[in-house]
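**Student:** I'd like to go over a predicted model; first the sequence, then the structure.
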Protein chains: 4
Amino acid sequence: MARPGLILKLSCPDQSGIVAKISGYVSGYSGNLVEFAQFTDKLSGRFFARLEIETGGLEVDVDDFIEGFGTLGRALHAVWHFRRLPYRMRTAVLVTKTDHCLREILWRAELGEMPVEITSVIGNRDTCRSIAEQAGLPFHRIEMEGERKKQGFTEIRELLEAQGVELVVLARFMQILPDDFCRAFDGRILNIHHSFLPAFIGANPYRQAYERGVKLIGATCHYVTGELDAGPIVEQQVERVQHFHSPQDLVRLGRDCERGALARGIRYHVNDRTIIDGHRAIVFPD
Amino acid sequence: MARPGLILKLSCPDQSGIVAKISGYVSGYSGNLVEFAQFTDKLSGRFFARLEIETGGLEVDVDDFIEGFGTLGRALHAVWHFRRLPYRMRTAVLVTKTDHCLREILWRAELGEMPVEITSVIGNRDTCRSIAEQAGLPFHRIEMEGERKKQGFTEIRELLEAQGVELVVLARFMQILPDDFCRAFDGRILNIHHSFLPAFIGANPYRQAYERGVKLIGATCHYVTGELDAGPIVEQQVERVQHFHSPQDLVRLGRDCERGALARGIRYHVNDRTIIDGHRAIVFPD
Amino acid sequence: MARPGLILKLSCPDQSGIVAKISGYVSGYSGNLVEFAQFTDKLSGRFFARLEIETGGLEVDVDDFIEGFGTLGRALHAVWHFRRLPYRMRTAVLVTKTDHCLREILWRAELGEMPVEITSVIGNRDTCRSIAEQAGLPFHRIEMEGERKKQGFTEIRELLEAQGVELVVLARFMQILPDDFCRAFDGRILNIHHSFLPAFIGANPYRQAYERGVKLIGATCHYVTGELDAGPIVEQQVERVQHFHSPQDLVRLGRDCERGALARGIRYHVNDRTIIDGHRAIVFPD
Amino acid sequence: MARPGLILKLSCPDQSGIVAKISGYVSGYSGNLVEFAQFTDKLSGRFFARLEIETGGLEVDVDDFIEGFGTLGRALHAVWHFRRLPYRMRTAVLVTKTDHCLREILWRAELGEMPVEITSVIGNRDTCRSIAEQAGLPFHRIEMEGERKKQGFTEIRELLEAQGVELVVLARFMQILPDDFCRAFDGRILNIHHSFLPAFIGANPYRQAYERGVKLIGATCHYVTGELDAGPIVEQQVERVQHFHSPQDLVRLGRDCERGALARGIRYHVNDRTIIDGHRAIVFPD
């Protein structure tokens, strides 16, 4: 959306008339609703919505419009969030050695496919430094071997906080995040796991896939929680494989799934198209 | 939807406040909006919506609710349509020799995947008679060879009208419908074409696909218009093929695309999930 | 292959010159090799091959050709198997309540997509009786509730043996086979599991998939071993799902994966296109 | 293949005993056949094969082995080609403005996914210069506007010949190649067309796809012949789209198909996994 606008994400217990109330609030002040995606989870009785509102013709000040919504939001017992458009989300990318996911993010960001502002690339190896620097981005090498691990995570958190990072992308970052880190960035860390979760949790998923003899491999983009590879799934992609594919072939073919799933996942997140609901993620695709 | 309800399909020129007006009408009489899918076509400036409304708690009579909507519909310069739920659409299936699409429809109808009431199976060959009759359905053989063709179509139309048919499914019916037939059932004839349209229009698409050496074959479910294989597309499915697949193999592999695409297309249509917009079909999937 | 012929499946330790030796044996007696698929597993050092041979021009008797191959086979330390064509494999289908996989098998068998001769349908419920009988097949109801389970499996084995069954298809048969049963039919039992294995082993995989919030569901056709859902995988298919799909929707969408994966798996097996290699299955697709 | 070796591609009229003769020749001189892919086209009566041979243990000189094969090749009336491994194919990439295909090629070449040596990037615009130069590759700007077109193509041919280019990749090069150019590099030019051919030949395929309302878009990697977008297809990929995707969205989603199909096509070609057979391409995938 090039014109000034707002995205509203909201979830609340379901009740009759929610759509009318919310859209009525918007049109009551002459906001122009250009997209209204909603979903009622009949099993849990919760309502979820994402609205995209052009505010050019709004009769009140945007701040006032946002503040005024609080009365309705509270009446609906809702959790909600407004985002002003245009917006680019401050994003840090964490890497180890493998660079294909990092390259994909940089490329799509440059193309404008993802409205992100990459604050820096952070690595526990130096392998990706040149890619970051060639793209004009600061690269921070954090030493995390052995006893340095705890200190390393502290340093990463300090960097993220100093840079005002809103989204942390684990682009094949081969370290398990400590619980307090996960909690501090709850709902704001996206990981790419190189398997079709929940199959092949943990290390060496392509080797596991080879040994199991699967006929499809995949990759999963998910939010990170304290439980390994168990956070809400945002996107998954698969690729057909055959018996003649070695574990190395699976790595090669899997890279395309990883790039694709991670890129879509980030795009959905930064465009506020995801709502986390317990173990699941609502995704309104575009 | 097991409980009594309504589906409302609507399209109109876009303007500010449409969602609020429509949802406000529903909630104003205590209708419960369980699904509200909408789409604004920014290129054409039209708004499209599909609403699913539980009417159990409606404060007015359902007929009156429907009638009262007219005032709003006309004010929006809309085209709209209400359907009472539960509903099973009266559907005729036209066949020639090939039976896999017919079998698929019968099977899914029996499973409850498609809310259709099949009025009869009509064939210009006798091949599918036993399948229809085994399913307890009347089978009408219409002779259409050579000079009989025009008369044949007249007889089919008489059958469809006598049986109050609302949807005509061409389940590999190998005859080109005359223009007046297409017009009489405009927007109510679904065909399955055995290629990935617009590639391989016309006869023998698998042979054409073989000769062109494509690496994917497909099938297309579309509304029938007077122009051959050019009506609005509802669903397409593809299957990967290789050089060693003969034209006969393509026929075999293509059957699965045909069954899948046609079944989805019918399901979308009978659940009022499609809106025809010129050469294109809006489809709100489920 | 309409003309008389042979399929030869073979596996042996890899060594130089195997292809020349085998194809040399065939051409030495004027057999016509119409397909030669081979695979060398570099990790395990084993060689696998499937040959399709037209025997119309063979200079020796087919029996003699088969017997004479033994000298070469033993020299290669091979495991091998000849099948005379045309061939229809004697196949029993085991079911419980769900009938879509059974219907799919019957339909494809009738179309000639799978060269099987279905000996009977065996069920621990009566639900599928009418489908079997309408297709002209004997249906055996085996009581397996509670204490009857062990006796039930004995009765099934007796049936399979009496009918000379070569392939047992578990078409949504909701009973875990005892170890001795698995061993007795080792490599000759195909199951369809309604998940993308190894994700969601065991009961209620669609419910598990819903709760985990996956974005793709799948089905897996695999050989049955003593270990639950862990046998060699022959075919897998997936379908994209979204947050709005209820567990019932996943069941509906999953049916298409199940039908497709099982049908392909059976077709590969009965055409001798699979070779089991430990936990994995080599599949030479067609 | 890291060890020294050969790839042999061959096609000839089918006859009995071909596999035995060819593999016999290889094993007769103690070549180790590590892969033997073959295909007999029953419709045309032609035989196609690709062999991968380890030559470490060869009892004769490799040159002599290659020369000696001629006797057999001529006896089979074959067309054949040997390639020594390891090999990197000298490849030029032609571009206009769009850079995603170029980036993909550079990235995969760097990763070692494609054994190519990129000789230069040639553009009729300057847009991709910095990408090429950042990768350490020469960039040649060729002016082709209006009257310069003919001269431009002459200059390109001179560049290709001077650089000893074996493969020309049109990576979204928006110029139609003249006939003599196509003939000069027959079977050695790969193009990526941004549609699922043969649908949407020519300009603006995404716009055409939008207007036709297709539910899947695609991209096609094919050899270039004198006939526009009609050369043998090597690889195709598709992506599902919906009514809400604008032509710009199709461009965005299509980029992933284009990158994927082109990368696979190049990989197949440079690994000698393709054999052109009239309008079709045999592809032995890996």
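**Tutor:** Everything's here; your move.
**Student:** May I have the helix or strand where A:I22 lies exported as CSV, CA atoms only?
**Tutor:** Here A:I22 sits within helix A:18-28, counting by DSSP states H and E. C-alpha atoms of helix A:18-28 as CSV (Å, rounded to 0.1, in the frame of the first residue of the first chain):
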residue,chain,number,x,y,z
ILE,A,18,-18.2,-8.3,15.5
VAL,A,19,-17.6,-7.6,11.8
ALA,A,20,-20.3,-4.9,11.8
LYS,A,21,-18.9,-3.3,14.9
ILE,A,22,-15.3,-3.1,13.7
SER,A,23,-16.1,-2.2,10.1
GLY,A,24,-18.6,0.3,11.5
TYR,A,25,-16.0,2.0,13.5
VAL,A,26,-13.8,2.3,10.5
SER,A,27,-16.4,3.6,8.1
GLY,A,28,-17.8,5.8,10.9
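**Student:** ok and it relative to helix B:18-28, angle-wise?
**Tutor:** Counting by axes from the mean of the first three to the mean of the last three C-alpha atoms, to 10 degrees, helix A:18-28 lies at 140 degrees to helix B:18-28.
**Student:** which parts of helix A:18-28 are buried?
**Tutor:** Neighbour-count burial for helix A:18-28 flags A:I18, A:V19, A:A20, A:K21, A:I22, A:S23, A:G24, A:Y25, A:V26, A:S27 (criterion: 16 or more other C-beta atoms under 10 Å in any protein chain shown). Quick note: C-beta positions are derived from backbone N, CA and C, even for glycine.
**Student:** Which elements pack onto it?
**Tutor:** Using 3 or more C-beta pairs under 8 Å, 6 or more residues apart in numbering or on different chains; DSSP states H and E, the elements in contact with helix A:18-28 are strand A:5-13, strand A:32-41, strand A:46-54, helix A:62-75, helix B:18-28, strand B:32-41.
**Student:** In the first one, which of the residues would be classed as buried?
**Tutor:** In this case it means strand A:5-13. Going by neighbour count (16+ other C-beta under 10 Å), the buried part of strand A:5-13 is A:G5, A:L6, A:I7, A:L8, A:K9, A:L10, A:S11, A:C12.
**Student:** strand partners of it, parallel vs antiparallel please.
**Tutor:** The strands that strand A:5-13 pairs with in its sheet are strand A:46-54 (antiparallel), strand A:79-85 (antiparallel) (by DSSP bridges).
**Student:** and those as a markdown table, adding mean neighbour count?
**Tutor:** Converted to a markdown table, those look like this (neighbours: other C-beta atoms under 10 Å in any protein chain shown):
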| stretch | mean neighbour count |
| --- | --- |
| strand A:46-54 | 22 |
| strand A:79-85 | 16 |
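**Student:** quick revisit: right, and the helices and strands packed on helix A:18-28 - which one's nearest A:S246?
**Tutor:** A:S246 sits nearest to strand A:32-41 of all the helices and strands packed on helix A:18-28, at 42.2 Å, using C-beta to C-beta.
**Student:** hmm, back to that, please identify which of the helices and strands packed on helix A:18-28 is closest to C:G152.
**Tutor:** Nearest to C:G152, of all the helices and strands packed on helix A:18-28, is strand A:32-41, at 40.7 Å by C-beta to C-beta.
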